[in-house]
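Peer 1: Take a look and give me a structure for this.
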Amino acid sequence: MSNEAYVPRPDRLLPAEPATREIARTLYERMRDQPIVSPHGHVDPRLLLDDEPFRDPTSLFITPDHYVNRLMVARGVDLADLGVGRGPLGEADSRKAWRLLAEHWHAYAGTPSRYWMEHEFHEVFGLDTVLSPATADAMYDQIAAKLAEPAFRPRALFEQFRIQVLATTDDPVDDLVAHDALAADPDVTGRVIPTFRPDKYLEAGREDFRELTEALGAAAGVDTGDYSGFTEAMRARRLYFREHGAVSTDHAHRDVGTRRLSEAEASRLYAEARDGRIDVLGATALRRHLLADQARMAADDGLVMTIHPAVHRNHHRGMFERFGADVGFDIPHTVDYVDGIAPMLNDVGMDPGFRTVLFTIDETVFSREIAPLAGVYPSVYAGAPWWFIDAPDAILRYRRAVSETIGYSRTSGFIDDTRAFCSIPARHDMARRMDAHHLAGLVAEHRMRIEDAAAIADTLPDQQPREVFKLEEGR
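Peer 2: You can find the predicted model right below:
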């Protein structure tokens, strides 16, 4: 079985019932070749700016992908053996990591990671074998040979993938030179836009909070010695990002509290934070107030506010100290949107300039909280399943959970949220198949006309995220 040919099924992820599958096929065909619009992700813009060949299969598929790495760690593999935290690997170590993936490949059966990677192996690299210890070296050599070809450099793949918009995630003090260079390059066929990510500048309990505020002030040309200066600097940097193509801001704190403080209390706590004297309760209160400030700024400057809270970052201290962040040890916990964002929505939720997209990793929140909020507030949209739940079954459950309340028009469009560049088309294709699956079921059950399902299929992959993220407003 290890040498069995891999043959992707054209009807994969579509309904098993023949009549419903036929409807789904028709709907999927309407979505399949639409361009990719990716309004939230983590690809480094310098990848496209430099357009250097990918180094090797391991650095492309394994090392940067915490989806892949975390299951390997759970099975006893050392992250260092996968290249994490080590910089560029030599040939022997890169091949060793690839063989480790092959050795554990059976453990990925049924996971979206395996689904995406097999899509990449076949659709992008033209491979027709199943990864296993017996095929690992040959597949490594085939992929490595492809990576040496001009057609497999980042910009060529960017065009091949039909990516029209790719949003990155960027520090508020970034000069965005890479984005400017890409925007000015006529050979870049799509838009690569920055996203404003101010999280660490709002976390008043950080030991480096003073240094962060000073860096923010230096980037904005503003004295951030007090709260009013910090607010002015944050507003200036948001506008800088907007002028350089950004359409959204990204926020991911432990909770989603947005309770405002008085100006005097906010100023006092800010001073304490700068001096390193703030306690845990004060730091939490100030962070919630500063997040509410971001919402007010969003109402003024029009940047869409995406929120994805309730993750315990770097759950294992030793792994964080050894390998750093974003290596698979971020674990979800519960979130309360209804009470958490009530102050924010009472403040700016009905403001025509404000828009927010709410994400969760707790599926119960879709039907209980997010859909009802998006079904009444004109500023609120339901974010697609992401991170731990950007998987076929979860996407289908999401559609079933929210569609009865808000249909499709109050949802974000698919969000790939990835650092793994070659997985982008695989993830978007998966989402389109699952949307066709869901729509076909509604048609087959006579709950939706085929004409309405076709109209949704025509707009969902491309037009919907453009509208939600204001991508056609000339910025």
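Peer 1: any idea how far residue 234 is from the closest residue to residue 267 other than its chain neighbours?
Peer 2: Nearest residue to residue 267, sequence neighbours excluded (CB to CB, 6 or more residues apart in numbering): residue 227, at 4.3 Å. Any C-beta I mention is one placed from the backbone N, CA and C, and that applies to glycine too. Counting by CB to CB, to the nearest Å, the separation of residue 227 from residue 234 is 11 Å.
Peer 1: which stretch of helix or strand covers the residue of the chain positioned farthest from its centre?
Peer 2: Ranking residues of the chain by C-alpha distance from their mean position (CA atoms, centre = their mean) puts residue 264 at the top, at 36.5 Å. Following DSSP states H and E, one finds residue 264 within helix 263-275.
Peer 1: same check, this time on residue 306
Peer 2: strand 304-307.
Peer 1: Counting by contacts, list what the helix or strand just after that strand packs against.
Peer 2: The helix or strand immediately downstream of strand 304-307 is strand 311-312, counting by DSSP H and E. Packing partners of strand 311-312 (3 or more CB pairs under 8 Å, 6 or more residues apart in numbering; DSSP states H and E): strand 331-332.
Peer 1: who does the strand it packs on pair up with?
Peer 2: strand 311-312 (antiparallel) (DSSP bridges).
Peer 1: got the contact list for the strand it pairs with?
Peer 2: 252, 254, 330-333, 361, 387 (CB atoms under 8 Å, 6 or more residues apart in numbering).
Peer 1: Which one of those is nearest to residue 76?
Peer 2: residue 331 (18.9 Å; CB to CB).
Peer 1: Do you know the pLDDT at that closest one?
Peer 2: Listed pLDDT for residue 331 reads 87.
Peer 1: Quick check: bridge partners of it?
Peer 2: residue 312.
Peer 1: wait, what's in contact with it?
Peer 2: 311-312, 315.
Peer 1: List buried residues within the residues you listed.
Peer 2: residue 311 (16 or more other CB atoms under 10 Å).
Peer 1: rewinding a little: which of the contacts of strand 311-312 has the most neighbours?
Peer 2: residue 361 (22 neighbours; other CB atoms under 10 Å).
Peer 1: quick one on the thing from earlier: identify the farthest-apart pair in the contacts of strand 311-312.
Peer 2: Maximum distance among the contacts of strand 311-312 (CB to CB): 15.1 Å, for 254 and 387.
Peer 1: count of neighbours near residue 157?
Peer 2: 18.
Peer 1: Distance of the residue nearest the centre of the chain relative to residue 427?
Peer 2: The centroid of the chain falls nearest to residue 417 when counting by CA atoms, centre = their mean (1.8 Å). Distance of residue 417 to residue 427, computed by CB to CB: 9 Å.
Peer 1: pretty sure the residue nearest to residue 267 is in contact with residue 266, am I right?
Peer 2: Yes: using CB atoms under 8 Å, residue 227 is in contact with residue 266, at 5.5 Å.
Peer 1: out of those two, which sits in the more crowded spot?
Peer 2: Of the pair residue 227 and residue 266, residue 227 is the one with more neighbours under other CB under 10 Å, namely 25 against 21.
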